[in-house]
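A.B. asks: sequence unknown, structure follows:
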């Protein structure tokens, strides 16, 4: 009975959790999304995400974020780039992430072996040495390597939850590995104005532990399109 309560029931309850299968199953063509990044309505940068189906049945998700450092009180451009590979079974296979902050470059690589994600830093680190961490993947999840932990997710319902494995790109730029497992939750439905129209969205939140914010929020349509995200003082809005 204890074994069933500890291992079987939680896994059974997570079967309907949002994951890469739900996100990518119906995507047969190249898709690109761009979001403007603002602080108090002042433009500070942009984030671009591209989803490409592969010939082997898997997918590649790439993202690129650039911030105007001067608008954040810094002297140089801040940029993050990542490439995530999803296999034909809709499981995370590997990823690469690079970050450049204040002229410092660092990169992080991750590979899944069986049910363990092995993450390694390369380049600059606080100790001057490479660092490795391992995360056990025991259920549906998505990977975040950007300012926001969210990716578009269709077929949401109020009360739905899923796991996000998140890497803070600012920490990565410092050569520090601090992957976190977080639970995203659909809190409620909310109608917001978008391009002059009233659109019904699902409001999704996730707790964070970064110097930017302690919580992130996204407004996602029933079709899985993120219209708006907020991470502390930073707001990201869909641009067409």
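C.D. replies: Sure, I can see it. Not measured: the values here are computed from a predicted model.

A.B. asks: longest strand anywhere in the protein?
C.D. replies: Looking only at the chain and at elements set by DSSP state E, the strand with the highest residue count is strand 180-194.

A.B. asks: tell me which residue lies nearest the centroid of the protein.
C.D. replies: For the chain, the residue whose C-alpha lies nearest the mean C-alpha position (CA atoms, centre = their mean) is residue 144; its distance is 2.6 Å.

A.B. asks: list the residues that contact that residue.
C.D. replies: Listed by CB atoms under 8 Å, 6 or more residues apart in numbering, the contact set of residue 144 reads 150-151, 164-167. (C-beta placed from N, C-alpha, C; glycine too.)

A.B. asks: what about those residues, which are in strands?
C.D. replies: When the contacts of residue 144 are checked against strands using DSSP E, the ones located there are 164-166.

A.B. asks: turn these into JSON lines, columns for distance to residue 133, pLDDT and neighbour count.
C.D. replies: JSON lines is the format used below for the ones in strands among the contacts of residue 144 (distance: CB to CB, whole Å; pLDDT from 0 to 100; neighbours: other CB atoms under 10 Å):
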{"residue": "164", "distance to residue 133": "16", "pLDDT": "91", "neighbour count": "20"}
{"residue": "165", "distance to residue 133": "11", "pLDDT": "90", "neighbour count": "21"}
{"residue": "166", "distance to residue 133": "13", "pLDDT": "88", "neighbour count": "25"}
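
A.B. asks: redo the residues you listed as TSV? Include distance to residue 95.
C.D. replies: Shown next, in TSV, are these (distance: CB to CB, whole Å):
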residue	distance to residue 95
164	13
165	10
166	12
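
A.B. asks: out of the residues you listed, which is nearest to residue 18?
C.D. replies: Within these, distances to residue 18 taken as CB to CB reach their minimum at residue 164, with 9.8 Å.

A.B. asks: the closest one is in contact with residue 140, isn't it?
C.D. replies: No. Look at residue 164 against residue 140 with CB atoms under 8 Å: they stay out of range, at 10.4 Å.

A.B. asks: before we move on, the earlier item: rounded to a whole number, what's the mean pLDDT of whichever helix or strand comes after the longest strand of the chain?
C.D. replies: Using DSSP states H and E, the helix or strand that directly follows strand 180-194 along the chain is strand 197-207. Per-residue pLDDT over strand 197-207 has a mean of 95.

A.B. asks: check which strands are paired with the helix or strand that strand 197-207 is followed by and give the direction for each one.
C.D. replies: Along the chain past strand 197-207, the next helix or strand (assigned with DSSP H and E) turns out to be strand 215-220. Take DSSP bridges as the rule and strand 215-220 pairs in its sheet with strand 197-207 (antiparallel), strand 226-231 (antiparallel).
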